[in-house]
Structure formats: structure tokens, C-alpha cells
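Undergrad: Model the structure of this input:
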Amino acid sequence: MRQEDRERLSQPYTQEPDRFSLLNALRIQLPNLIELDSLIWKDLSVGPPYGIHWWRTGPEHSEPRGLVCDQLVACTLSVFENLVEAELHRLAFLHFCDLISDWKGNSVRDNGQLELAPMECPVDELPPKYRNLYCSGCVIALCAALDCFAGTIIGAWPLPQDILRADFRRLKNEVKVSECVAKVGPEGWLEWLLDFRDMLIHRGRRLQKSISIPREPDSCGPDWQSELRLPLEPGLSEVQAFRQLGGSNANISAMVLNEKAEVTLDGLEKSVVALIELIAEALVCRWKARQLSEIEMQQPTEKQWGSKSQRSRFQGYAPQPQASDGEMVGIADPDIEKRFRAAGLVDSSD
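TA: Below you'll find the model as predicted:
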């Protein structure tokens, strides 16, 4: 990461760190989601009927009750984890953007033509690869945060959908999600983000497009700087983009967003965090109302855990002999122990 970011994160904690300390140090503000997380943990029942102690479910749904509850806990925790990873990817991305911009800026001749020095070893080729790696990692982590948050919505609202296969895209018409999306970013930002993720994972990668522009007179560094621009329509293939956006002139500037990739990733992350916070605020109110029986609603655990998962036959590439029961280490983390007890996995009398 950049020197200024490393120095900022090297400052000592001013108080005893907890599981949200790194989140705060990275300037990811999620007070509503943290409150919802706290409410869920406080309401866990470590004995029968397990799950959330005030959930109303039929007796025949005791097993999915524990499974749904633990997935709700896991999804909410994973939102925090994915947002931390997204920010770490973004900070590393900024570092390599600066390196590449200076490298290319020093390669612009007086006539404005770019003349890059030849690559002499594999290490010389790594900076652009790292930049792409961290850009992709940031986008994928942001989308993972949203999909995990979809699981939180399904479990906390609740919705009669499979929580194990939660997909934020499927919630667009639920819980006023579309209204919230429109409030936290420019038109089309969420579809662009999800399309870019799908392109990275499921389709051929779009070509990288950079432009060289003069640096501001008062700025340090080379006279020129290189800026990466992300595709305007990530849902299109490369040739589709040329045909539909560039036309016969194939104008590359018409095929990319008219802003630096650094600006795009920063905006996407802020929109995702704001969206999660806006919906989490409604979930907190909903949870408290259900808790006080102001909203009479049964937890549809039979629909939230309706799918039958096939067990994997994969055992690893060099599996070791399994440890005997006497060699197994006990559960030392009290939070994990509470989760397992609330899921009915550990006998509450142990």
C-alpha cells in the first residue's frame, strides 16, 4: 500500500481493540450493521428451542431453525470481513496505480508518444498484473459483501428464500431495495458493479484501457500521468462494445468511464457501505419490533433452509490421517462456542 496509508494504519490503538477495530481504522463506518449484529448475538438461544429465542417456528422445524440462525450470524460477520478485504484491495490498487502512472509518465516523449522500455525479466511485468489483481479483488469483495448481506436480510426481515444461496440481485424488489440503491449512488451503479463482477468471473476479460494526460503543474513526479479507465458497459463483450459504443470509428474514449479507475472504485465502495447501512437501519427497527411482538410474523425456516446439499467427495490432494477424538482441540473462542450451542451443535449441558 502507499506510504501514507501504511503510516496511518501503523498508529497504535487508543483503546483495547475489538473485532471492529480494524474496520474503524480503515474508516469503514457501519454503526447500524454493528447494532444489528449485536442484537442478533444477544438473542441467541444456547438451549432449546435454539436459534433466536423469540423466533416463532413450528416444532417440526427445529433443525432448520438452528441452521438458519447460524447462517444469519455467519452472513452478517462475513459482510464485515468482505468490506475489510475490499478496502485492503483498494489501498493496494492505489499503490500500483501510482507506480504504473510514474513508470508510464517517464516514458512519454516530447512528441507525446509513449515509448516503454523493454521488459528484461518477469518481475518487470508484475506491476500491471498486481494492479488488475487488486482491482478485481476489490470488486469481487464488494459483491461478496452484498450477497452475504442478502443472507442477513433473508434471516432478519425475514424473507421466505433460501438463505444458503442468498443473492443480492434477487432482492431488488424486496424490502424497498431498489429505492435504497437509488439513494446512495448515481443511476445504474449497482448493475454496473454486478456486471463487472460477472465479467471477471464468468466471461472473457475486457481489454485494459489507459490514457496519458499532462500532470498538474504544481504536482510532483513526471510531466505526464497514466490513468486506467474501466469499461462503460462491462456486460458487453469487447467486440460488442466496439460495435455498439465505438461504431465504425471505434472511439475508445466512448467505451470507458470518463473518470480514473481509482475514483470509480472509491465511489463503488462508498455506495455499497451506504446501501448496507441504509437497509441495516430498517432491519434494526424491524428486529426490535419483532422482538417486542409488535410485528407478528413466523420465521419461515422451512423455506429458508429448503435445499438439500450434496456432500463433496473431495478429500484434498495429500490428506493426512484424521486425528482421534483425544487429539482434537476444544472450542476456545467463546463467540464460536455460543454460535455452535445456539445451532444445537453442542449440548448446552456440557
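Undergrad: Low-confidence stretches in the chain?
TA: Residue ranges of the chain with pLDDT under 70: 58-62, 104-116, 212, 214-224, 246-250, 307, 323-332, 347-350.
Undergrad: Let's see that with 50 instead.
TA: Residue ranges of the chain with pLDDT under 50: 327-328.
Undergrad: I'd like the next helix or strand past the longest helix anywhere in it.
TA: Using DSSP state H, we find that the single longest helix of the chain is helix 62-105. Next in sequence after helix 62-105, counting helices and strands by DSSP states H and E, comes helix 126-156.
Undergrad: Which residues belonging to that next one are considered buried?
TA: 128, 131-132, 134-156 (16 or more other C-beta atoms under 10 Å). To be clear about C-beta, it is placed using only N, CA and C from the backbone, and glycine gets the same treatment.
Undergrad: now stretch 28-39
TA: 28, 30, 32-37, 39.
Undergrad: repeat for stretch 267-276
TA: Per 16+ other C-beta under 10 Å, stretch 267-276 contains these buried residues: 268-269, 271-276.
Undergrad: Identify the residues contacting V84.
TA: With contact taken as C-beta atoms under 8 Å, 6 or more residues apart in numbering, V84 is in contact with 22-23, 26, 28.
Undergrad: Output those as JSON lines; include the columns distance to K209 and secondary structure.
TA: Output for the contacts of V84, formatted as JSON lines (distance: C-beta to C-beta, whole Å; DSSP: H, G, I helix; E, B strand; the rest coil):
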{"residue": "L22", "distance to K209": "34", "secondary structure": "helix"}
{"residue": "L23", "distance to K209": "33", "secondary structure": "helix"}
{"residue": "L26", "distance to K209": "29", "secondary structure": "coil"}
{"residue": "I28", "distance to K209": "30", "secondary structure": "coil"}
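Undergrad: could you say what helices and strands the one helix or strand I40 maps to packs with?
TA: For I40, the host element (DSSP H and E) is helix 31-42. Packing partners of helix 31-42 (3 or more C-beta pairs under 8 Å, 6 or more residues apart in numbering; DSSP states H and E): helix 62-105, helix 126-156, helix 261-291.
Undergrad: Please identify which pair of the contacts of V84 lies farthest apart.
TA: L22 and I28 (8.9 Å; C-beta to C-beta).
Undergrad: Please tell me how far E302 sits from V273.
TA: Applying C-beta to C-beta, to the nearest Å, the value for E302 to V273 is 33 Å.
Undergrad: circling back to that earlier point, okay, the buried residues of stretch 267-276 in CSV with distance to E294 next?
TA: Shown next, in CSV, are the buried residues of stretch 267-276 (distance: C-beta to C-beta, whole Å):
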residue, distance to E294
L268, 36
E269, 35
S271, 32
V272, 30
V273, 29
A274, 27
L275, 26
I276, 24
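Undergrad: Can you report how many residues neighbour L228?
TA: Residues within reach of L228, counting by other C-beta atoms under 10 Å, total 22.
Undergrad: before we move on, what about the one 10 residues further on?
TA: Applying other C-beta under 10 Å, we find 13 residues neighbouring E238.
Undergrad: check contacts around it.
TA: Here E238 is in contact with 204, 206-207 (C-beta under 8 Å, 6+ apart).
Undergrad: same deal with E7?
TA: Applying C-beta under 8 Å, 6+ apart to E7 gives no contacts.
Undergrad: Assign a three-state SS to it, would you?
TA: Classification of E7 using DSSP: H, G, I helix; E, B strand; the rest coil returns helix.
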